[in-house]
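J.: Predicted model and sequence below, questions to follow.
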Amino acid sequence: MTVPATVAELVREFRANGRIVIVGASLAGLRAAEALREEGFTGSLTIIGDEPYEPYDRPPLSKQVLKGWVSADHTKLPRLREVNAQWRLGVAATGLDRAAKQVRLADGEQIPYDRLLIATGTRARQWPNPDEAALDGVYTLRSRDDAAQLQKALAAPPSRVMVIGAGFIGSEVASVCRELDLPVTVVERGSAPLVGALGGVIGEIAAEMQRDHGVDLRCGLGVSSLEGDSGGHVRRAHLSDGTTIDADVVVASLGSIRNVEWLEDAGLASGFWGVGCDAGGRAFDVNGVITDSIYVAGDVARAPHVLYEYQFLAMEHWDNAVLGAEVAAHNMVNLEPHYRPHLLLPGFWSGQFGVNIKSVGVPPFGDEIVFTQGSVKERHFAAAYGRRGRIVAAVTFDHGKWLEYYGKLIEHSGPFPPPPPGWDQPPDMKPIPAEFPQPGVPTAIPDVVLTGHDPSERRAEFRSRPR
Amino acid sequence: MRIAVDLNRCQGYAQCVYLAHEDFRLTGQEALTYEPNPDDERRLQVERAAAACPVQAIVIDRLDGAEGSATS
Ligand SMILES: Cc1cc2nc3c(=O)[nH]c(=O)nc-3n(C[C@H](O)[C@H](O)[C@H](O)COP(=O)(O)OP(=O)(O)OC[C@H]3O[C@@H](n4cnc5c(N)ncnc54)[C@H](O)[C@@H]3O)c2cc1C
Ligand code: SF4
């Protein structure tokens, strides 16, 4: 047989009889499984998930579910096709042995694979003081169970809710509280809500929106401690300016942590920022060399993006999980030159205070912003972000129809400020600084060291830093 | 039945709201919320809503309940 014929035969054989394991049974995991079958993979497929539930959708949790319109167990994801998988739900993967090509499970079982997809996503960062985090009435919001419990607490109703952190989830929780007519205090360390994602200029608008809806918003402040009553229920929060706030429900929305601990000894380029992979979803090993058998998708993945100077971006958004999973699945059952890249223009939406906030591109990549359409006063506008004369992102408030226009410009590396779409322009179209905070640098990330003297023995190694 | 709406795509045209108002609602001018698990009795309405969506943002499951369960 010729070499190409042998390779083609191997691919055929793998598609028919290979073993694929997916770790993470949520949006990315399910969509990858469906895509694998769609691609004609008929081998064995195992899906491992530490949650006891079949895959469900998270965005409704902080919106419909908290409001009490939809119950938390009504969010199961639609099934697009039969996946005929062995589902191992309610058991976590605890280790990965790349030499033996096995995933280790919490119950001691070892699951062999030929190809592996890592789709373990992120989890909510807990309130840092464990005793205070354990008080009744202190919540985070990531899972179905979290949403069900928090919804119950909001329905009680509490006398006041305190939200710590005004990112998207914190702001959505605050919005639901106001819809339920609950008094709510939001404490945000930054200068305004959403600053990390959208910058200070848009943050100011979000701040006004919150205040107009009766949110007691306190920016530039931290919560220093939470205080419980004798029954172990949270009653009060102490703020960094010495003031206190009485609240009986506290929602810590402090961002997310990537679920990579189970990969600690696997020798992959995984860590604080997620698992590094190429634009086709193939994981890098610790040396920065591409693997052939391990793929990554969804919130836990981090890949270079052509439009953003090939920087490694982790995108914690719904459509990134869907499209990243489809690309990884395709590449798992194909070979070069049939690989596909995951070249999504990042995008997300958020519904809060009756306004539909949407963005395309990577706003924090920009350093300037210009309002291009609509009216800020009416919270009905579009704005573009730029860097070095190029448009890199856009945001809309109740102006979603125009997002595609800006998306196209970003894809084509269009000029900044962008050509006005010829409709509905605000009087002042001068770019101003977008006011993003300096990115924080975490202190607990491991050091990478090089070992081995001989060039053929040189290897990278992670060494955890003593805390 | 199960549905999900890709709200990145959704442009708030509200076609779905007209056709299946029990399951799709606009909060404010264009923020859509929906019932991810509509009653099977309303399948026809929901399917019509999905078909009418100009950007095909509504994802509907194509399997019946049993097949869509965790064992499939
Ligand atoms: C409340 C909320 C609201 C959101 N709203 C929006 C929105 O409006 N717009 C938007 O674009 N995005 C939104 N998102 C983000 C979106 O939900 C995520 O981007 C998406 O869920 C990512 O999917 P994923 O499959 O990569 O990861 P996840 O959904 O995090 O799934 C990972 C799964 O892997 C499991 N897992 C982790 N470790 C292990 C292990 N060791 N072994 C086995 N299983 C493991 C986890 O328990 C989880 O079930 C929201 C998220 C939340 C939490
Ligand atoms: S019809 Fe489609 S675009 Fe319009 S509101 Fe419904 S889901 Fe959104």
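T.: The structure has been received and is ready for your questions. Numbers count the residues shown, from 1 in each chain, chains lettered A, B, ... in the order given. Ligands and ions are numbered 1, 2, ... in the order given.
J.: going forward, measure contacts and count neighbours with C-alpha atoms only.
T.: Fine.
J.: I'd like to know which elements the biggest helix by length in chain B is packed against.
T.: In chain B, taking DSSP state H as the definition, the longest helix is helix B:43-52. Using 3 or more CA pairs under 8 Å, 6 or more residues apart in numbering or on different chains; DSSP states H and E, the elements in contact with helix B:43-52 are helix B:15-19, strand B:58-60.
J.: can you rerun that using 7 Å?
T.: On a contact count with 3 or more CA pairs under 7 Å, 6 or more residues apart in numbering or on different chains; DSSP states H and E, helix B:43-52 meets helix B:15-19.
J.: Just the buried residues of the helix it packs on, please?
T.: The neighbour-count check on helix B:15-19 (16 or more other CA atoms under 10 Å in any protein chain shown) flags B:15-17, B:19 as buried.
J.: Which of the three states applies to residue A:127?
T.: Of the three states, residue A:127 takes coil under DSSP: H, G, I helix; E, B strand; the rest coil.
J.: What residues does the residue in chain A that ligand 2 sits nearest to make contact with?
T.: Taking CA to the nearest ligand atom as the measure, chain A has residue A:401 as its residue closest to ligand 2, at 9.3 Å. By CA atoms under 7 Å, 6 or more residues apart in numbering or on different chains, the contact list for residue A:401 reads residue B:11.
J.: go again using 10 Å as the cut-off
T.: Residue A:401 makes contacts with A:382, B:9-13, B:30, as judged by CA atoms under 10 Å, 6 or more residues apart in numbering or on different chains.
J.: Need the pLDDT of it.
T.: At residue A:401, the pLDDT value in this model is 89.
J.: Kindly confirm my reading that it is in a helix.
T.: Yes - assessed by three-state DSSP, residue A:401 belongs to a helix.
J.: State the pLDDT value of residue A:384.
T.: According to the prediction, residue A:384 has pLDDT 97.
J.: on that earlier part again, including pLDDT and distance to ligand 1, could the buried residues of helix B:15-19 go into CSV?
T.: Putting these into CSV (pLDDT from 0 to 100; distance: CA to the nearest ligand atom, whole Å) gives the following:
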residue, pLDDT, distance to ligand 1
B:15, 91, 20
B:16, 93, 19
B:17, 94, 19
B:19, 94, 23
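J.: Just the closest of those to chain A, please.
T.: residue B:15 (14.1 Å; CA to the nearest CA).
J.: Get me the contact residues on chain A for ligand 1.
T.: Applying CA under 6 Å from any ligand atom, one finds that chain A approaches ligand 1 through A:23-29, A:48-51, A:58-59, A:61-62, A:92-94, A:119-122, A:141-142, A:259, A:262, A:298-299, A:316-318, A:321, A:348-350.
J.: actually chain B, sorry about that
T.: Residues of chain B lying close to ligand 1 by CA under 6 Å from any ligand atom: none are found.
J.: shaky segments in chain B?
T.: For chain B, the stretches with pLDDT under 70 are B:64-72.
J.: just to revisit the earlier point, out of the contacts of residue A:401, give me the two with the largest separation.
T.: A:382 and B:13 (17.5 Å; CA to CA).
J.: what about these two, which has more around it?
T.: The neighbour count for residue A:382 versus residue B:13, taken as other CA atoms under 10 Å in any protein chain shown, is higher for residue A:382 (29 against 17).
J.: excluding its backbone neighbours, what's nearest the more buried one?
T.: Spatial nearest neighbour of residue A:382, chain neighbours left out: residue A:396 (4.3 Å); criterion: CA to CA, 6 or more residues apart in numbering or on different chains.
J.: ok, now residue A:379?
T.: Using CA to CA, 6+ apart and skipping the chain neighbours, the partner closest in space to residue A:379 is residue A:397 (6.0 Å).
J.: Specify the beta-bridge partners of the one you found.
T.: Beta-bridge partners recorded for residue A:397 (DSSP bridges): residue A:357, residue A:381.
J.: From residue A:358, how far out is it?
T.: Applying CA to CA, to the nearest Å, the value for residue A:397 to residue A:358 is 7 Å.
J.: Show me the common contact partners of those two, please.
T.: A:349-351, A:382, B:31.
J.: Redo those as a markdown table? Include secondary structure.
T.: Below are the shared contacts of residue A:397 and residue A:358 laid out as a markdown table (three-state DSSP):
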| residue | secondary structure |
| --- | --- |
| A:349 | strand |
| A:350 | strand |
| A:351 | strand |
| A:382 | strand |
| B:31 | strand |
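J.: returning to that earlier point: for the longest helix of chain B, list the C-alpha coordinates in PDB.
T.: What follows is helix B:43-52, C-alpha atoms only, in PDB (Å, rounded to 0.1, in the frame of the first residue of the first chain):
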ATOM      1  CA  ARG B  43     -44.400  21.700  20.200                       C
ATOM      2  CA  LEU B  44     -46.100  22.900  17.000                       C
ATOM      3  CA  GLN B  45     -46.100  26.600  18.100                       C
ATOM      4  CA  VAL B  46     -42.500  26.400  19.200                       C
ATOM      5  CA  GLU B  47     -41.500  24.700  15.900                       C
ATOM      6  CA  ARG B  48     -43.300  27.400  14.000                       C
ATOM      7  CA  ALA B  49     -41.500  30.100  16.100                       C
ATOM      8  CA  ALA B  50     -38.100  28.400  15.400                       C
ATOM      9  CA  ALA B  51     -38.900  28.300  11.700                       C
ATOM     10  CA  ALA B  52     -39.900  31.900  11.600                       C
END
